[in-house]
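**Student:** what's the 3D shape of this:
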Amino acid sequence: MISVENRDIVIIGAAKSGVAAARMLQHKGACVFVTDAGEINPSMRRILSDACIPYEEKGHSNQAESGGFAVISPGVPTEAGLVQHYLNSGKKVYSEIEAASWFCESPILAVTGSNGKTTTANWLAHTYKVAGKEHLLAGNIGVAFSDVISQADPLTDMILEVSSFQLDHISSFQPKISIILNITPDHLNRYGNKFENYANSKLRIAENQQTGDSAIYWHDDAFLKSHFSVPRQGGPELFSFSDTTEVDKGAFVRNGKIYLKTEKEETFLMNENEISLPGRHNLLNGLATALSSRLSGIKDEAIRESLSTFKGVEHRFEFVGKKKGVRYYNDSKATNVNAVWYALKSFTDPVVLILGGQDKGNDYTDLIEPIREKVYAILAIGEASQKIQDQLKNAVPNFKVCTSLEEAVTTASGLAKEGQAVLLSPACASFDMFESYEARGNLFKLLVNNL
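**Tutor:** As a prediction, the model looks like this:
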């Protein structure tokens, strides 16, 4: 743990994570200063003022450059000028989850992946609740790790959803159990448009794990399988999960039945069709949840109950309602191409797909196969609409660029026929039109309910 008492620490970025880190570090005796290149949200300003934490906005002063080290919010890119100033000066830059981990007495279960990490983290928390096992849920999930650190103790497990941005600036962050669900192209605009840079960031979740820790990965992901093919000496014990292959240690499906396997035994858990959430992606999320729960000491009865009762998370393939025989689904959290691919594969009936937003370096042609199989019409929105049109217009019978989500929903309701579905699954960030993917999803639900 790094000593922070009486240290001058600059927090770069005043969104939830940055403000939470500032409050935590101040409580630990540090002299903190918060700086943001943009305008700080009024609610965050109030929190800082109430805590008597000095801050600045709309630019960085000399004071912002004078910290002994910096703690960075995940929304601030490494290429930002102030971050580069610290790095070029030989000063350390740490992520918020790294700083919080210095004071965490709880065993950490950290979940990452391009897709499914929110569902899996919540599913884990549901399993803990069913089992009556003490836990906290935080991270890239709406509650900052730093905000719950005061509740952490050795008897309470910490379940964290962790993004690549949060892993970019770790140093000693060490989960007891790490889970990498998958790695597919995402956020490439933050990684020099190179998949290997993004993938290597994800892999950092396990880099500080040691003997006695566990690392879980998806066996059918070629990149992950190659990376974990040889155990690291002194590193974590490796486990994997698969719905197509019987793994040596981990969770797998055989003839429609789910098994958990360790070096000592193989145990039947439950039938595959008893899992509450539909789609192959949710089967994989369920396997990862079951395996990590077992490694955490939760009994199979509780795992079975959790896998069969979990109802999913808001904005992830969320059924909104049925209007004139047409089903509407809110998948606003699908902010990359792979997430949309899995969503489309879950349908049997034709789909009207609302796609678009702020592009993240996507190649939308990866969707051509499921689009030709499942999609009757594409309605493109946001900054990415022209790129989507260039890459996908010829893949569907109907294509239209809409100037707003309101226009897209109205158009979709006119195009979709009884028995079909309308799916908001954007494959893009929301920030060109909305404050967050939650705001986008909430507006979609409101528009559908008003049809």
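**Student:** average pLDDT across stretch 112-128?
**Tutor:** Across stretch 112-128, pLDDT averages out at 95.
**Student:** Extract the CA atoms of stretch 401-413 and return them as PDB.
**Tutor:** The C-alpha trace of stretch 401-413 is given here as PDB (Å, rounded to 0.1, in the frame of the first residue of the first chain):
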ATOM      1  CA  VAL A 401     -31.000   7.400 -41.500                       C
ATOM      2  CA  CYS A 402     -33.000   9.000 -38.600                       C
ATOM      3  CA  THR A 403     -32.100  12.300 -37.100                       C
ATOM      4  CA  SER A 404     -33.200  11.300 -33.600                       C
ATOM      5  CA  LEU A 405     -34.200   8.400 -31.400                       C
ATOM      6  CA  GLU A 406     -37.700   9.700 -31.400                       C
ATOM      7  CA  GLU A 407     -37.800   9.500 -35.200                       C
ATOM      8  CA  ALA A 408     -36.300   6.000 -35.200                       C
ATOM      9  CA  VAL A 409     -38.900   4.700 -32.700                       C
ATOM     10  CA  THR A 410     -41.800   6.200 -34.700                       C
ATOM     11  CA  THR A 411     -40.300   4.800 -38.000                       C
ATOM     12  CA  ALA A 412     -39.700   1.400 -36.400                       C
ATOM     13  CA  SER A 413     -43.300   1.200 -35.200                       C
END
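**Student:** Which parts of it count as buried, going by neighbours?
**Tutor:** Residues of stretch 401-413 classed as buried: 401-402, 405, 408-409, 411-413 (neighbour count, 16 or more other Cβ atoms under 10 Å). (Glycine included, C-beta is placed from N, CA and C.)
**Student:** Quick check: residue 31 touching residue 6?
**Tutor:** Yes. Shown here, residue 31 and residue 6 form a contact pair, counting by Cβ atoms under 8 Å, at 6.6 Å.
**Student:** who has more neighbours, these two?
**Tutor:** Between residue 31 and residue 6, counted using other Cβ atoms under 10 Å, the more crowded position is residue 31 (17 against 9).
**Student:** Could you report the neighbour count for the nearest residue to that one once chain neighbours are set aside?
**Tutor:** Excluding the flanking residues, the one nearest residue 31 by Cβ to Cβ, 6 or more residues apart in numbering is residue 8, at 5.1 Å. By other Cβ under 10 Å, the residues close to residue 8 number 14.
**Student:** Pretty sure residue 8 sits against residue 68.
**Tutor:** Yes. Between residue 8 and residue 68 there is a contact under Cβ under 8 Å: 5.1 Å.
**Student:** For residue 229, pull up the helix or strand it's in.
**Tutor:** For residue 229, there is no helix or strand it lies in under DSSP states H and E.
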